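below are the sequence and a predicted model; questions follow.
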Amino acid sequence: MQETKSTIGGLSEQLLSRYSGPCPRYTSYPTADRFKPLDGSIKPWDALKNIRSLSLYVHIPFCRSLCYFCACNKVITSQYGLASSYLDNLLQEARWYRDKVAQVPVTQLHLGGGTPTFLSDGDMRRLMEGLGEIFDLRPGDGVEYSIEADPRTLELETLDTLRELGFNRLSLGVQDFDIEVQRSINRICSADQVTELTVAARERGFESISYDLIYGLPKQNLSSLHSTLDKVLNLQPDRIALYHYAHLPHRFKAQRLINTELIPSATEKVAMQLAAVEHLGQAGYEFLGMDHFARPGDELAKAAHAGMLQRNFQGYTLMPADALVGLGASAISYSRNGFWQNLHRLKEYTQAVTERGNASCRGWLMSDEDKLRQWVITELMCRLSLDKTEVERRTGVPFNQYFFQELKRLEPMFEDGLIYQDEKKITVTEQGRWFVRNVASAFDIYLHSQQTDAQYSRVL
Ligand code: SF4
């Protein structure tokens with residue numbers, strides 16, 4: 001195909017206009033918007049009896065103040081009592097799983113939100129001891145306990161408590177260091193606060209410190225982003241997640257408080273992302289894909305080199321467990337049989353757990369075809385290649401015949417140099433890494449056969 005010479009960060013405008021539109025992020029396949037209401041006949045948790053390892057996710061939805069860009073499932077409150085009674089529900093829900101899950105090692109535990117560190121140290125201890133008793137938690141070598149924290153409110157004493165409870169990975173929501181940007185999103189946090197916490201977390205033995213950053217926020221520009229990145233690089237976090245701000249005020253009420261005139265244009269956002277990747281690359285960070293970066297010695301970077309990366313609802317990860325149990329409002333779980341998700345709203349979640357022990361409301365039972373496509377999409381997203389012979393081994397059908405329609409969808413991407421193929425594999429090129437979601441989406445049968453109301457974020 002003919003390309004124009006005009007480029008943004010080395011990508012032609014034509015490529016960008018063809019492929020940078022909305023597309024699923026594939027933190028799961030099928031994507032969560034496909035889940036259907038659960039009736040009594042769908043019980044994907046039945047497979048939890050036959051697993052060898054387990055991940056736990058716990059959603060703590062509470063926050064002290066509202067960040068205007070927020071798209072999370074959260075409850076803004078100054079009433080601590082709500083959190084305390086929510087904890088009772090979390091532990092009640094965990095107990096519901098007690099006789100449904102095989103007694104296996106918990107290899108990963110992640111607390112997300114909201115703001116998990118909204119919990120008092122005493123309640124954090126109560127939560128972890130409760131979960132420890134139910135799931136036989138054994139913190140230590142070879143297991144990942146991670147927690148998201150708000151650097152504006154995280155106390156040093158809480159870091160002590162978290163380490164004592166076995167947490168070894170800390171994720172700080174930095175977003176941007178520019179004061180004007182911070183004002184426009186109602187999230188003021190100084191670089192000094194982040195510095196103090198980063199140093200203190202390292203002193204206390206946290207093995208990995210990760211920063212969340214966002215580009216495309218109101219008042220951001222290339223220069224302010226570079227300045228934020230310089231401050232970030234001074235602190236050398238082990239991992240960086242650089243997310244794109246998707247402005248969807250009709251879906252996320254908080255975003256209505258953002259002045260749309262201050263949001264960078266689509267072209268500016270693309271330029272920002274490309275510049276950030278270059279900036280972080282020059283500083284030695286490895287670009288793992290989509291929005292994740294890691295220092296070369298970090299476990300995630302090593303896993304990427306060894307072809308062992310995986311994806312889950314938090315993005316790229318290592319050490320996949322056989323199943324995930326998600327506790328709390330809106331949490332998603334999976335097993336070999338499929339997915340299930342809890343009710344979103346705090347009140348409905350609380351009522352459901354009180355009445356029936358759990359709060360699942362939507363889900364998906366995996367067919368063999370879903371499992372094949374899940375594997376294909378994971379290979380492309382995590383290893384940037386697809387072994388055709390493995391597809392043939394799994395299906396007993398020649399690859400070109402089995403995925404005839406998918407190859408037709410991929411044709412423009414072959415022509416545009418995003419992918420290439422030989423007899424044995426399809427490989428994503430350096431340029432194609434930017435559009436790996438588009439490549440993966442060719443194998444998403446639901447995207448091409450069913451309508452959805454979901455609004456996916458833009459690729460770039
Ligand atoms: S961005 Fe984080 S801290 Fe801010 S409102 Fe959303 S969940 Fe709470």
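Sure thing, it's come through.

can you list the domains in the protein?
Domain assignment of the chain by automatic domain parsing yields the ranges 7-26+368-449, 32-324.

what distance separates the shortest one from the middle of the whole chain?
Relative to its chain's centre, domain 7-26+368-449 lies at 21 Å (Cα atoms, centre = their mean, to the nearest Å).

taking the mean pLDDT, what do you get for it?
For domain 7-26+368-449, mean pLDDT is 92.

likewise the last one?
Averaged over domain 32-324, pLDDT sits at 93.

that one near the ligand at all?
Yes: using Cβ under 6 Å from any ligand atom, we find that domain 32-324 touches the ligand at 63, 66-67, 70, 72, 74, 113-115, 150, 173. Yep, even glycine has a C-beta here, placed from its N, CA and C like the rest.

just put those residues in JSON lines and tack on secondary structure and neighbour count.
As requested, the residues of domain 32-324 next to the ligand are arranged in JSON lines below (DSSP: H, G, I helix; E, B strand; the rest coil; neighbours: other Cβ atoms under 10 Å):
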{"residue": "63", "secondary structure": "strand", "neighbour count": "19"}
{"residue": "66", "secondary structure": "coil", "neighbour count": "15"}
{"residue": "67", "secondary structure": "coil", "neighbour count": "22"}
{"residue": "70", "secondary structure": "coil", "neighbour count": "19"}
{"residue": "72", "secondary structure": "coil", "neighbour count": "17"}
{"residue": "74", "secondary structure": "coil", "neighbour count": "22"}
{"residue": "113", "secondary structure": "strand", "neighbour count": "24"}
{"residue": "114", "secondary structure": "coil", "neighbour count": "25"}
{"residue": "115", "secondary structure": "coil", "neighbour count": "25"}
{"residue": "150", "secondary structure": "coil", "neighbour count": "20"}
{"residue": "173", "secondary structure": "strand", "neighbour count": "21"}
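
correct me, but residue 392 touches residue 398?
Yes: between residue 392 and residue 398 there is a contact under Cβ atoms under 8 Å: 6.2 Å.

more crowded one of those two?
When residue 392 is set against residue 398 and neighbours are counted by other Cβ atoms under 10 Å, the residue ahead is residue 392, at 16 against 12.

contacting residues for that one?
Remark: with contacts taken as Cβ atoms under 8 Å, 6 or more residues apart in numbering, residue 392 is in contact with 398-399, 402.

as JSON lines, these with secondary structure and distance to the ligand would be great.
Below are these laid out as JSON lines (DSSP: H, G, I helix; E, B strand; the rest coil; distance: Cβ to the nearest ligand atom, whole Å):
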{"residue": "398", "secondary structure": "coil", "distance to the ligand": "48"}
{"residue": "399", "secondary structure": "helix", "distance to the ligand": "43"}
{"residue": "402", "secondary structure": "helix", "distance to the ligand": "42"}
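
closest one of those to residue 306?
For these, the residue nearest residue 306 by Cβ to Cβ is residue 399; the value is 25.1 Å.

please name the nearest non-neighbouring residue to the closest one.
Once flanking residues are discounted, residue 399 sits nearest to residue 388: 3.9 Å by Cβ to Cβ, 6 or more residues apart in numbering.

neighbours around the one you found, how many?
Considering only other Cβ under 10 Å, residue 388 is surrounded by 19 other residues.

I figured it hits residue 424, correct?
Yes: between residue 388 and residue 424 there is a contact at 5.8 Å, judged by Cβ under 8 Å.

quick one, what contacts the spatially most central residue of the chain?
Central residue of the chain (Cα atoms, centre = their mean): residue 314, 2.6 Å from the mean position. Shown in contact with residue 314 (Cβ under 8 Å, 6+ apart): 27, 110, 112.

surely the first one is in a helix?
No: using DSSP: H, G, I helix; E, B strand; the rest coil, the secondary structure at residue 27 is coil, not a helix.

that one contacts residue 310, correct?
No: with contact defined as Cβ under 8 Å, residue 27 does not count as touching residue 310 (10.7 Å).

in JSON lines, list the residues of domain 32-324 next to the ligand along with distance to residue 225.
Shown next, in JSON lines, are these (distance: Cβ to Cβ, whole Å):
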{"residue": "63", "distance to residue 225": "25"}
{"residue": "66", "distance to residue 225": "24"}
{"residue": "67", "distance to residue 225": "18"}
{"residue": "70", "distance to residue 225": "20"}
{"residue": "72", "distance to residue 225": "22"}
{"residue": "74", "distance to residue 225": "26"}
{"residue": "113", "distance to residue 225": "25"}
{"residue": "114", "distance to residue 225": "26"}
{"residue": "115", "distance to residue 225": "25"}
{"residue": "150", "distance to residue 225": "21"}
{"residue": "173", "distance to residue 225": "17"}
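
among these, which one lies nearest to residue 248?
Sorting those by how near they are to residue 248, with Cβ to Cβ, puts residue 70 at the top with 11.3 Å.

spatially nearest residue to that closest one (excluding sequence neighbours)?
Spatial nearest neighbour of residue 70, excluding adjacent residues (Cβ to Cβ, 6+ apart): residue 254 at 4.8 Å.

before we move on, what about residue 255?
Spatial nearest neighbour of residue 255, chain neighbours left out: residue 249 (4.3 Å); criterion: Cβ to Cβ, 6+ apart.

can you report how many residues lie near the one residue in the stretch 301-450 of the chain that gets nearest to the ligand?
Closest residue of the stretch 301-450 of the chain to the ligand, Cβ to the nearest ligand atom: residue 330 (11.9 Å). A count of neighbours around residue 330, defined by other Cβ under 10 Å, yields 21.

dump the residue contacts of residue 310.
By Cβ under 8 Å, 6+ apart, the neighbours of residue 310 are 316-320, 378, 382.

need the max-distance pair from the residues you listed.
Top of the distance list for the contacts of residue 310 (Cβ to Cβ): 319 and 378, 14.5 Å.

which of these two has more neighbours?
Remark: of residue 319 and residue 378, residue 378 carries more neighbours, 18 against 15, as counted by other Cβ under 10 Å.

pretty sure that one sits in a strand.
No: under the criterion used here (three-state DSSP), residue 378 is helix, not part of a strand.

surely it meets residue 308?
No: look at residue 378 against residue 308 with Cβ under 8 Å: they stay out of range, at 11.5 Å.

for residue 140, grab the count of nearby residues.
Using other Cβ under 10 Å, the number of residues around residue 140 comes to 9.

name the nearest residue to it, ignoring sequence neighbours.
residue 166 (7.2 Å).
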